[in-house]
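Enquirer: I'll drop the sequence and a predicted model, then ask my questions.
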Number of protein chains: 2
Amino acid sequence: MSGHLTVIGTGPGNPDQMTPQARAAIEAASDFFGYKPYLDRLQVRPDQTLHASDNREELDRARAALELAVSGRHVAVVSGGDAGVFAMAAAMCEAIEHGPAEWRDLDFSVVPGVTAMLAVAARVGAPLGHDFCTMSLSDNLKPWDLIESRLLAAASAGFVIALYNPISKARPLQLGRAFEILRTVLPENVPVVFGRAAGRPDERIRIVPLSEADPGMADMATCILIGSPETRLIERPGREPLVYAPRSVKAAT
Amino acid sequence: MSGHLTVIGTGPGNPDQMTPQARAAIEAASDFFGYKPYLDRLQVRPDQTLHASDNREELDRARAALELAVSGRHVAVVSGGDAGVFAMAAAMCEAIEHGPAEWRDLDFSVVPGVTAMLAVAARVGAPLGHDFCTMSLSDNLKPWDLIESRLLAAASAGFVIALYNPISKARPLQLGRAFEILRTVLPENVPVVFGRAAGRPDERIRIVPLSEADPGMADMATCILIGSPETRLIERPGREPLVYAPRSVKAAT
């Protein structure tokens, strides 16, 4: 009998933003692998087993999950947000590509979810309403020079930019450098949205012009949306402003 | 009494991929505005009213919804996928910015959803597992030159590209031109995923190398994912291949 492996995107953290498909996949699983804070959100039954791990051991976790799955178990690998956006689905595929042939014969599936940038965007209007790029700012697995060149390429071409993994204790300096680079090509009043834990009780959303964007406004759980020169901010008396990317762009900028 | 306006992302079309938050927002609404195929998916009660419209009348629809909301109704504007990704949230914000002051005082909210590219990506592995760009290929509201320059900038910088609105009866030629442009900067074996109606009964997923990508493989309901030079394809005997973007990029390409 062959086992099953499902990579599940559980959404931004608010149970109301987890799809019924993800919930059903959780109910069907016998074993769960994932970063501990994501596993802590699950309400598992006594017959279901949690295998918590550190956030930085993605490939080890992927291999352990695959080994258990080929033994015939119904294994779920749990990610926050969407399973495929800077989350576990890519690590699973990487492990499968370089692992034993039997891993390719598993019943492998991915359950999508609402990724952080969509939850943050929804809280402030429609900042991703037009062309945008999604990037991880972590240089743990790619060279910093490449990150700089992608930031410049994206901003110069008029894309809104969504930044994941903007900062951590081990990487305190990259975000400030990213803002410096973006200030060389973007107007200083471009709106920047810092969205932390969108939709959760500890949510914190802040909108500032690029000239005032500061790394101290972000932590590991923050997704940052950086506007394009087209991005608009609508003031609303007595309410938070709205930020949006217009659907149309005029010719000859 | 002030009314409410909620823009709701109903997900890719499979009811199992609609969040409980979206479902609750639908139940709470008195009136629905949207493109008819999205409204057709709703199961409304006799006391709820549908206001269907054509897909190309976004701003008119936005204004009509806002006018009804300020009259005190609880209005829902319904989008497929996520409400903020090439959907109605941006048109709503645009209408609010240029409309009467009372529209800014509405209780306005956006409910995020699983957008098409995430549903398509989940079906084939993790093609959006690393930095990517999301673009609309429609030149109805932006000049074609800008689209070309963004395609080139994104592909040259190593981003995977997700294309929305790739083709329509009124725009039959742009997609072929886009593939031509991408072939000038990307290797011919880069995987291209054509994902139509992901998660729905009429789903059609197709993976081809860029050299064989053809506009005839797409229609209006297709989301296209174009790999980067780093994108991997894993053959699996007796199963569909997996496509993924590795999490790591080596220095000095």
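Expert: Okay, I see it.

Enquirer: For chain B, what's the nearest residue on the stretch 101-250 of chain A?
Expert: Nearest residue of the stretch 101-250 of chain A to chain B: A:Gly129, at 2.8 Å (C-beta to the nearest C-beta). Using the backbone N, CA and C atoms, a C-beta is placed for each residue, glycine as well.

Enquirer: Please state the backbone phi and psi of A:Pro229?
Expert: Note on A:Pro229: its backbone torsions stand at phi -60, psi -20 [degrees, to the nearest 10].

Enquirer: who's in contact with it?
Expert: Residues near A:Pro229 by C-beta atoms under 8 Å, 6 or more residues apart in numbering or on different chains: A:Gly158, A:Leu186, A:Pro187, A:Val190, A:Thr253.

Enquirer: Name the nearest of these relative to B:Ile181.
Expert: A:Gly158 (16.6 Å; C-beta to C-beta).

Enquirer: Can you give me the neighbour number for the residue lying closest to the closest one once chain neighbours are set aside?
Expert: Distance criterion C-beta to C-beta, 6 or more residues apart in numbering or on different chains; nearest residue to A:Gly158, sequence neighbours excluded, is A:Ser228 at 5.1 Å. For A:Ser228, the neighbour count with other C-beta atoms under 10 Å in any protein chain shown is 23.

Enquirer: Wait, A:Ser228 touches A:Asn189, no?
Expert: No: the pair A:Ser228 / A:Asn189 is not scored as a contact, 12.0 Å apart, by C-beta atoms under 8 Å.

Enquirer: circling back to that earlier point, where's the residue nearest to A:Gly158 relative to A:Leu210, distance?
Expert: Per C-beta to C-beta, to the nearest Å, A:Ser228 is found 11 Å from A:Leu210.

Enquirer: list residues touching both of the two?
Expert: Counting by C-beta under 8 Å, 6+ apart, the contacts common to A:Ser228 and A:Leu210 are A:Leu186, A:Val190.

Enquirer: Relative to B:Asn165, how far out is the residue nearest to A:Gly158?
Expert: 19 Å.

Enquirer: for the stretch 51-200 of chain A, what spans make up the strands?
Expert: Taking DSSP state E, counting those that start in this stretch, the strands of the stretch 51-200 of chain A run over residues A:74-79, A:107-111, A:125-126, A:132-136, A:160-164, A:191-196.

Enquirer: burial count for the residue lying closest to A:Val249 once chain neighbours are set aside?
Expert: Distances taken as C-beta to C-beta, 6+ apart place B:Lys142 nearest to A:Val249, at 4.0 Å, with adjacent residues excluded. Residue crowding around B:Lys142 was assessed by other C-beta under 10 Å; the count is 22.

Enquirer: Could you turn the buried ones of the contacts of A:Pro229 into a PyMOL selection?
Expert: Command for PyMOL that selects the buried part of the contacts of A:Pro229, burial taken from 16 or more other C-beta atoms under 10 Å in any protein chain shown:
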select buried, chain A and resi 158+186+190
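
Enquirer: Which of the contacts of A:Pro229 fall in helices?
Expert: When DSSP state H defines the helices, the subset of the contacts of A:Pro229 inside them is empty.

Enquirer: Save the contacts of A:Pro229 as CSV, and put in pLDDT and distance to A:Pro15 too.
Expert: Shown next, in CSV, are the contacts of A:Pro229 (pLDDT from 0 to 100; distance: C-beta to C-beta, whole Å):
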residue, pLDDT, distance to A:Pro15
A:Gly158, 97, 37
A:Leu186, 98, 37
A:Pro187, 98, 39
A:Val190, 98, 34
A:Thr253, 46, 43
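
Enquirer: ok so, going back, quick check, the residue nearest to A:Gly158 in a strand?
Expert: No: going by DSSP: H, G, I helix; E, B strand; the rest coil, the assignment for A:Ser228 is coil, not a strand.

Enquirer: residue contacts, it?
Expert: Contacts of A:Ser228 by C-beta under 8 Å, 6+ apart are A:His130, A:Ala155, A:Gly158, A:Phe159, A:Val160, A:Leu186, A:Val190, A:Ala245.

Enquirer: May I ask which two of those residues are separated the most?
Expert: By the measure C-beta to C-beta, A:His130 and A:Leu186 form the most distant pair in the contacts of A:Ser228, at 15.2 Å.

Enquirer: quick one: contacts for A:Leu225?
Expert: The contact partners of A:Leu225, by C-beta under 8 Å, 6+ apart, come to A:117, A:120-121, A:124, A:127-128, A:160-163, A:192-193, A:195, A:243.

Enquirer: Which of those ranks first by neighbour count?
Expert: Of all those, the highest neighbour tally under other C-beta under 10 Å goes to A:Pro127, namely 34 neighbours.

Enquirer: mind checking pLDDT for that one?
Expert: At A:Pro127, the pLDDT value in this model is 98.

Enquirer: mind checking how far it is from A:Pro191?
Expert: The spacing between A:Pro127 and A:Pro191, counted by C-beta to C-beta, is 7 Å.

Enquirer: Between the two, which contacts overlap?
Expert: With C-beta under 8 Å, 6+ apart, A:Pro127 and A:Pro191 have common neighbours A:Gly227, A:Thr231, A:Val243.

Enquirer: The last one falls within a strand, correct?
Expert: Yes: with three-state DSSP as the criterion, A:Val243 is assigned to a strand.

Enquirer: before we move on, the earlier item: between the shared contacts of A:Pro127 and A:Pro191, which is nearest A:Ala28?
Expert: A:Val243 (39.2 Å).

Enquirer: Could you pull up the contacting residues of that closest one?
Expert: By C-beta under 8 Å, 6+ apart, the contact list for A:Val243 reads A:124-127, A:191, A:193, A:207, A:225, A:227, A:231-234.

Enquirer: in the sheet, who's paired with it?
Expert: Per DSSP bridges, the residues bridged to A:Val243 are A:Gly125, A:Leu233.

Enquirer: Look at A:Pro46 and say how many residues are nearby.
Expert: Residues lying near A:Pro46 (other C-beta under 10 Å) number 5.
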